[in-house]
Every structure is written in C-alpha cells, then in structure tokens.
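Undergrad: from the sequence below, what's the structure:
(chains A, B and C)
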Amino acid sequence: MEELAVSTRQRIQVIDITEQVTEARRVDDGCIVLHVPHTTAALALNENESNLKSDMEKFYSSIAKGSWGHNSIDNNAEAHLTSTALNSSITIPVEKGKIILGRWQSILFVELDGPRERKVYIKELKA
Amino acid sequence: MEELAVSTRQRIQVIDITEQVTEARRVDDGCIVLHVPHTTAALALNENESNLKSDMEKFYSSIAKGSWGHNSIDNNAEAHLTSTALNSSITIPVEKGKIILGRWQSILFVELDGPRERKVYIKELKA
Amino acid sequence: MEELAVSTRQRIQVIDITEQVTEARRVDDGCIVLHVPHTTAALALNENESNLKSDMEKFYSSIAKGSWGHNSIDNNAEAHLTSTALNSSITIPVEKGKIILGRWQSILFVELDGPRERKVYIKELKA
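TA: Numbering: from 1, shown residues only, chains lettered A, B, ... in the order given. Okay, the predicted model is just below:
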C-alpha cells in the first residue's frame, strides 16, 4: 500500500492529487483504491478548473450549515457531515499501466477542516 | 475492461443500465467496478420506479442551485457540483456469475448535463 | 461472501458496525467491499461520537425534504433520495489482516427508513 502526504492550507480546500497518484501507481491491470483515513476530508473525481475549485469550496461550506451537538466537543460537525455526503474511498480502473480517467477528470482531495497534514492511501488490486 | 454506451435525452435524466451491465459481466466470483469517465454524470444504486426517477431528476436539479464562477466558462457548474455529491464509481459484488443486487436495487446512470453520448466502464476484479 | 445482520430501531439511525465487520474479515492483504442491498439505507465512514451520530440523523432527515411523486406509492421517497447522496458500497484496504481505518473512522450503517431488519454484504478481494 502506498501512502501520499497532502498538506492543506485552508479550512476548505480542493487539491488536485492526480499526478501524485499517477506516480505512485504500480499495478498494470486492475484497480486502485484511494482511501482517506480521515473523517473531515474526502475525495472527488472532477475537473481541475480554478473557478470550479472555488465553487466546490463554496458548495462544500454550505451543504451542512446548522446548529450541531458535536460542535460542543469539537467545532467541526459540518466537516464531518459534509464528508459523509462525498466519498472517503474511490476505486478507479487501471489498464496497460494507465489510470482510466475521463478527459476532464482529475483526482481531487477535499479538505473540509484544514489546514492539516493529511494522508491518502493507495491500495492496488490486480484484475 | 468493457465499455457501455449510454445516450441521454434530457438535461437531467436517470436511466436504468442494469441489463446492459448484467450482459457485459464475465467474472464469476469477485466484483465489478463501474466507472463513469465524466464530470457531469454519476451512478446510483436505487429503485427503478417511474415516480422515483422523476423525483431523483428533480432532486438532482435542486442540490447545487447557486451563482457559480465556473458558469462564466461553461454553464454547467451545478452539474459538476452535484456529481461530486453522488458517485463516479461503484463496486458491486459478483457471486456464482450473478451481480449481487438487492430486490429493489437497479444500477442507475445519472445524466446531469445532457443530452449527451456517455460511457460507463466496467472493470472486473476476481475474488 | 459474508453477510451481516443489522436490526434498526428508529426511522433514521446511525449504527456502528466496525466490530462486526472486523470479526467477519478473512482476507489478509487486499480490500473488503461492503455492500448494502437496500435502497433506503447506506454506509458511511465517520466518527462514532454520540452527538455526531445524532447530528447525522438530523442531517440525513433534512437533505431531501420535499413533495415527491414516489410518496403516492410508498411514503419513503426522502429515504431513497438521501441514500443516493450517501454510499451503497464502500471499499476499504486490508493490510496484514487489519482493516485500514483512520484513528477516528468507524464503519457506520445508516438506516433511512426503519425500523427494519437489514443486511450488509462483505466481499473480499485479494491484492
């Protein structure tokens, strides 16, 4: 299993990790499973366009607005709730050594309670 | 890896692809990974009931209403944002040649920026 | 494939199934695919903290509020719609016989239309 390090700088931040994931890949035919071992971060497959990344950050800051009991313990209930509406793990096919992404797809790390030092695990499954 | 073609007819449309996926399956024991190589479409496992499909289309058109920067480039930010709240890839178990779906589960393709010609990849993993 | 039974007691309820999943695991190196064969329930990876579980239940009861056509057939459209915004299946890495979860991650079953008797399938994939 490979492990990527991701440093985030903002409370809510979308970071393209496609290149790091591509470099870490070893399986030639199968799938990679990307897994975030955090409860206030997530993964998405979408377009790395600067306006859209800002839109995502704005969108993710709005999904779970509310008055939450968990905030009496740790002021990040919105981040927890939003992460469950996104994905903690994503499985992507690999063919002939190439991760299969569509033309506009990038692998995006979604920080919801930063800034923090984060990890992404990459587990590889053979076909 | 198998590739399915899906033609969509509406801006937002839910289409049952269970039969196409079932016909494409070759693995007898393992999992199929369904992967949409698009950033304004998604997948869901849910019930193919005509009222509910209309409800989903209405729901998905409401999730990300807003004024978005990406719309100055391409007027589909809502489709991108909504797709990240759904799933780009889904992994489903296969046993004895049968895709394991619950009684009410169908495999649904979710178009969020149609009409378009779309693809779904099916990667098979042996147990 | 392993099968877990989950009895739910409330209309909307978050239940920690980490221990059941851990006990069912047999693969030493690979992934487990958790799959819910239901259309009004889901899975999440998040923190098992009592306030946060109540917050999740409140959040999931609010996501899809509306007037839905499916409710003329079966009064649970909100549960169907909410489940598609969460996850029906989750894939988690396993290394040296250990399911890889972050410090705060638990495997959570999300009931959206209970109380019911539910199932979770666990399919294991070798690396």
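Undergrad: only C-alpha atoms from now on, for both contacts and neighbour counts.
TA: OK.
Undergrad: and the gap between the residue of chain A found nearest chain B and chain C?
TA: Closest approach of chain A to chain B (CA to the nearest CA) occurs at A:Gly102, with a separation of 4.1 Å. The span separating A:Gly102 from chain C equals 21 Å under the rule CA to the nearest CA, to the nearest Å.
Undergrad: same question for A:Asn76.
TA: Applying CA to the nearest CA, one obtains 10 Å for the distance of A:Asn76 from chain C.
Undergrad: and the longest helix along chain A with chain C, contact?
TA: For chain A, the helix with the greatest residue count under DSSP state H is helix A:50-60. No - remark: helix A:50-60 sits outside contact range of chain C, by CA under 8 Å from any CA of the partner chain, the gap being at least 13.5 Å.
Undergrad: and the helix or strand that that helix is followed by, anywhere near chain B?
TA: Helices and strands here follow DSSP states H and E; after helix A:50-60, the next one along the chain is helix A:77-85. Yes - taking CA under 8 Å from any CA as the criterion, helix A:77-85 and chain B are in contact, through A:Ala85.
Undergrad: and helix A:77-85, what does it pack onto?
TA: Helices and strands in packing contact with helix A:77-85 are listed as strand A:41-46, strand C:41-46, helix C:50-62; criterion 3 or more CA pairs under 8 Å, 6 or more residues apart in numbering or on different chains; DSSP states H and E.
Undergrad: what residues does the next helix or strand after that helix touch?
TA: Towards the C-terminus, the helix or strand next in line after helix A:77-85, according to DSSP H and E, is strand A:89-95. Strand A:89-95 is contacted by residues A:27-36, A:42-44, A:99-101, B:1, B:33, B:35, B:89-91, B:123, C:90-92 when judged by CA atoms under 8 Å, 6 or more residues apart in numbering or on different chains.
Undergrad: out of those, which are buried?
TA: For these, a burial check counting by 16 or more other CA atoms under 10 Å in any protein chain shown picks out A:27-36, A:42-44, A:99-101, B:33, B:35, B:89-91, B:123, C:90-92.
Undergrad: so which residues on chain A come close to chain B?
TA: Listed as neighbours of chain B in chain A under the rule CA under 8 Å from any CA: A:30-31, A:44-47, A:49, A:51-52, A:54-56, A:59, A:85-87, A:90-93, A:95, A:100-105, A:125-127.
Undergrad: of those, just the buried ones, PyMOL syntax please.
TA: Taking 16+ other CA under 10 Å as the burial criterion, the selection of buried members of the residues of chain A next to chain B in PyMOL is written as:
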select buried, chain A and resi 30+31+44+45+46+47+51+52+54+55+56+59+85+86+87+90+91+92+93+100+101+102+105+125+126+127
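Undergrad: does the host helix or strand of A:Glu23 reach chain C?
TA: Using DSSP H and E, A:Glu23 sits in helix A:18-24. No - with CA under 8 Å from any CA as the threshold, helix A:18-24 lies outside contact range of chain C, at a closest distance of 15.8 Å.
Undergrad: can you tell me what sits against whichever helix or strand comes after that helix?
TA: With elements assigned by DSSP H and E, the helix or strand that comes after helix A:18-24 is strand A:30-35. Identification of contacts with strand A:30-35 by CA under 8 Å, 6+ apart yields A:25, A:88-95, A:120-127, B:123-125, C:91-93.
Undergrad: closest to the centroid, which residue in chain A?
TA: For chain A, A:Leu43 is the residue whose C-alpha lies nearest the centre (CA atoms, centre = their mean; 2.2 Å).
Undergrad: how about that residue: what's its closest non-neighbour residue?
TA: In space, A:Leu43 comes closest to A:Phe109 once its chain neighbours are excluded; the distance is 4.8 Å by CA to CA, 6 or more residues apart in numbering or on different chains.
Undergrad: list the contacts for that neighbour?
TA: With contact taken as CA under 8 Å, 6+ apart, A:Phe109 is in contact with A:14-17, A:41-44.
Undergrad: off-centre distance for the strand or helix carrying it?
TA: The secondary structure element spanning A:Phe109 is strand A:106-111 (assigned by DSSP H and E). Computed by CA atoms, centre = their mean, to the nearest Å, the separation of strand A:106-111 from the middle of its chain amounts to 4 Å.
Undergrad: average pLDDT across it?
TA: Averaging pLDDT along strand A:106-111 yields 98.
Undergrad: just checking, what packs against the following helix or strand past that strand?
TA: Scanning forward in sequence from strand A:106-111 by DSSP H and E, the next helix or strand is strand A:117-126. Using 3+ CA pairs under 8 Å, 6+ apart as the contact criterion, the elements in contact with strand A:117-126 are strand A:2-7, strand A:30-35, strand C:30-35.
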